[in-house]
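Chemist: the sequence and its predicted three-dimensional model are supplied below.
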Number of protein chains: 2
Amino acid sequence: MCRAATRFCAMRGWAPVHEMPLPNGRRADILALRPDGCFVVVEVKSCARDFLTDAKWPEYRDYCDRLFFAVDLDFPQELLPDDAGLLVADGADAALLREAPEHKLAPARRRALLHRYAVVAAGRLAALSDPASHAELRAALRVE
Amino acid sequence: MCRAATRFCAMRGWAPVHEMPLPNGRRADILALRPDGCFVVVEVKSCARDFLTDAKWPEYRDYCDRLFFAVDLDFPQELLPDDAGLLVADGADAALLREAPEHKLAPARRRALLHRYAVVAAGRLAALSDPASHAELRAALRVE
């Protein structure tokens, strides 16, 4: 389902980053950067319980311009709030069942979020590109 | 040498991205994002000839706040311009021999460069994290 949501983003030219740590201590399942500079959060919910035990999902709104839930076909959609977007996974693809309303980020927060997004993506890229150097560097930084 | 320059950046908390395509068609060897939001370009020059045949290096200045050259110990340093920074690789590390003067990016260009940097890093991260999906997606986008 996460893969279908990722594909949904990528097909639209949105650049998704997974498990994105936010300044409020939460982690967004997907934070995607759109070509127009807007940020989209996609929260993947595997089952009703997964949604119902997450009382803090409204906090994601503070760090995106649009918020979507992504669920499977058999998820009870009536549980989900009307004022968030809805993606439903169908095999490798996800269909847009409801567009998400827009709640524009303030310019300063958008700038800070873009910086954070960039640093997280570049840091993970460096770690994946050269794992040995990365591990060695982490050790060096701990010692100093 | 590129690895030493990368390490130099990472030790300072700068987030380097390699082979970064710039809007003017050039590729910076390293474009690093500093915690304060400034961008640094590090151009790696393997030998005198490598520097002398690159007449267009001043164009990197237009897309960073500070420009450094990174060279080996045996590079003839007198060839390099005084008004760019200088890193000299010594084994796995690089030493800062000359600080680079600052030439601040205009706000609109900084914003656009940060967006570009973020999209490049996230795109490469996605391709490395899930090569099969990425290849399949590229094929899908070509067909449509």
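Modeler: Arrived safely.
Chemist: and A:E99, how many residues sit next to it?
Modeler: For A:E99, the neighbour count with other Cβ atoms under 10 Å in any protein chain shown is 10. Yep, even glycine has a C-beta here, placed from its N, CA and C like the rest.
Chemist: quick check: closest non-adjacent residue to it.
Modeler: Counting by Cβ to Cβ, 6 or more residues apart in numbering or on different chains, the nearest residue to A:E99 once its immediate chain neighbours are dropped is A:G85, at 5.7 Å.
Chemist: separation between the one you found and A:F69?
Modeler: Between A:G85 and A:F69 the computed distance is 7 Å (Cβ to Cβ, to the nearest Å).
Chemist: if you count what's nearby, which of these two comes out ahead?
Modeler: Of the pair A:G85 and A:F69, A:F69 is the one with more neighbours under other Cβ under 10 Å, namely 27 against 19.
Chemist: what's next to the helix or strand containing the more buried one, contact-wise?
Modeler: When elements are assigned from DSSP states H and E, A:F69 belongs to strand A:66-71. Strand A:66-71 is contacted by residues A:1-2, A:4-5, A:8, A:29-30, A:38-45, A:51, A:60-61, A:77, A:80, A:84-89, A:94, A:100-103 when judged by Cβ atoms under 8 Å, 6 or more residues apart in numbering or on different chains.
Chemist: double-check the residue nearest to A:E99 against A:R98; I have them as touching.
Modeler: Yes. Between A:G85 and A:R98 there is a contact under Cβ atoms under 8 Å: 5.5 Å.
Chemist: phi, psi of the residue nearest the centre of chain A?
Modeler: Nearest to the geometric centre of chain A sits A:I30, at 1.8 Å (Cα atoms, centre = their mean). When quoted as degrees, to the nearest 10, the phi and psi of A:I30 stand at phi -140, psi 130.
Chemist: now do A:R27
Modeler: The phi/psi pair for A:R27 (degrees, to the nearest 10) is phi -120, psi 120.
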